[in-house]
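A.B. asks: okay, predicted coordinates and the sequence, questions at the end:
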Number of protein chains: 2
Amino acid sequence: MVDYDDTQLNDVFRALADPTRRAMLADLAAGTRTVSELAAPYAISLAGASKHIQVLERAGLVRREVQGRVHTCRLDAAPLHHGAEWLRHYQRFWTGKLDALEALLKAEDAAVPKRARARTSAA
Amino acid sequence: MVDYDDTQLNDVFRALADPTRRAMLADLAAGTRTVSELAAPYAISLAGASKHIQVLERAGLVRREVQGRVHTCRLDAAPLHHGAEWLRHYQRFWTGKLDALEALLKAEDAAVPKRARARTSAA
């Protein structure tokens, strides 16, 4: 269930542990971006943005193409699938809770008309 | 799509970025564990294990109950759901690829019998 020595999974979750990096991924999900374009929305230096991009690259989430001085980045979402698969093993914990909540709500729904009828006939 | 300032998401992904912590969560998925039980499988000190557990607690993934000197930990998987939901936005990238792969394999499957028939009739 757990790949104890899974370096890629470490790198992916580490990459996702920062809001700027998550926002960069969301940006790249819409299409390729140059490093300057990726850096633009944040109050960080180009060097700071570059460090974030390097973390994303190490996790395999960003591929960079260099043409002269222009570095174009594109999303590679495959490692995210790896992370999602890891999380899927825990899905039963929250779906179980949601199933229980749904059953509770249905039971309440079923009970309400009876009470409503009782009030109507009492009125 | 991205909660830019989502501290819990930062903490959850940070907690998952370490193989010992992921293994501890897998262990807790089977039932409650004392801190000593959680530390036992790893070549780390009790203090080291305790630090990992604190990171998991900060992410809301572990709840600790103290009875005298015994600290019992249990999994709270709800924050993992939060992480899984974030990843779900990127699902289209890999499901798209898988759909394309499936179509390719089906096309190959459809082509193979024709080639097999061609070889049989040539023999």
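C.D. replies: Noted; the coordinates are in hand. Numbers count the residues shown, from 1 in each chain, chains lettered A, B, ... in the order given.
A.B. asks: residues from chain A in reach of chain B?
C.D. replies: A:1-6, A:9-11, A:13-14, A:16-19, A:22-23, A:25-26, A:29, A:75, A:77-78, A:80-81, A:83-84, A:86-91, A:93-94, A:97 (CB under 8 Å from any CB of the partner chain). Just so you know, the C-beta spots here come from the backbone N, C-alpha and C atoms, and that holds for glycine as well.
A.B. asks: tell me the buried residues within these.
C.D. replies: Using 16 or more other CB atoms under 10 Å in any protein chain shown as the burial test, the residues of chain A next to chain B include A:2, A:9-11, A:13-14, A:16-19, A:22-23, A:25-26, A:75, A:77, A:80-81, A:83-84, A:86-87, A:90, A:93-94 as buried.
A.B. asks: just the residues you listed: which are in strands?
C.D. replies: Among those, DSSP state E puts residue A:75 in strands.
A.B. asks: low-confidence ranges, chain A, go.
C.D. replies: Along chain A, segments meeting pLDDT under 70 span A:1-5, A:96-101, A:112-123.
A.B. asks: which parts of chain A are helices?
C.D. replies: Along chain A, counting by DSSP state H, helices occupy A:7-16, A:19-28, A:35-39, A:46-58, A:78-88, A:91-122.
A.B. asks: is it true that residue A:13 touches residue B:21?
C.D. replies: No. The criterion here is CB atoms under 8 Å, and residue A:13 misses it with residue B:21 at 9.5 Å.
A.B. asks: give the contact list for residue A:61.
C.D. replies: A:12, A:15, A:25, A:75, A:76, A:77, A:79, A:80 (CB atoms under 8 Å, 6 or more residues apart in numbering or on different chains).
A.B. asks: could you measure from it over to residue A:107?
C.D. replies: 44 Å (CB to CB, to the nearest Å).
A.B. asks: over to residue A:50?
C.D. replies: Distance of residue A:50 to residue A:107, given as CB to CB: 56 Å.
A.B. asks: the more surrounded of those two?
C.D. replies: residue A:50 (14 against 10; other CB atoms under 10 Å in any protein chain shown).
A.B. asks: count of neighbours near the residue lying closest to the more buried one once chain neighbours are set aside?
C.D. replies: In space, and not counting its chain neighbours, residue A:50 is closest to residue A:35: 6.3 Å by CB to CB, 6 or more residues apart in numbering or on different chains. Other residues lying near residue A:35 total 16 when counted by other CB under 10 Å.
A.B. asks: on that earlier part again, from the contacts of residue A:61, pick the one nearest chain B.
C.D. replies: residue A:77 (3.4 Å; CB to the nearest CB).
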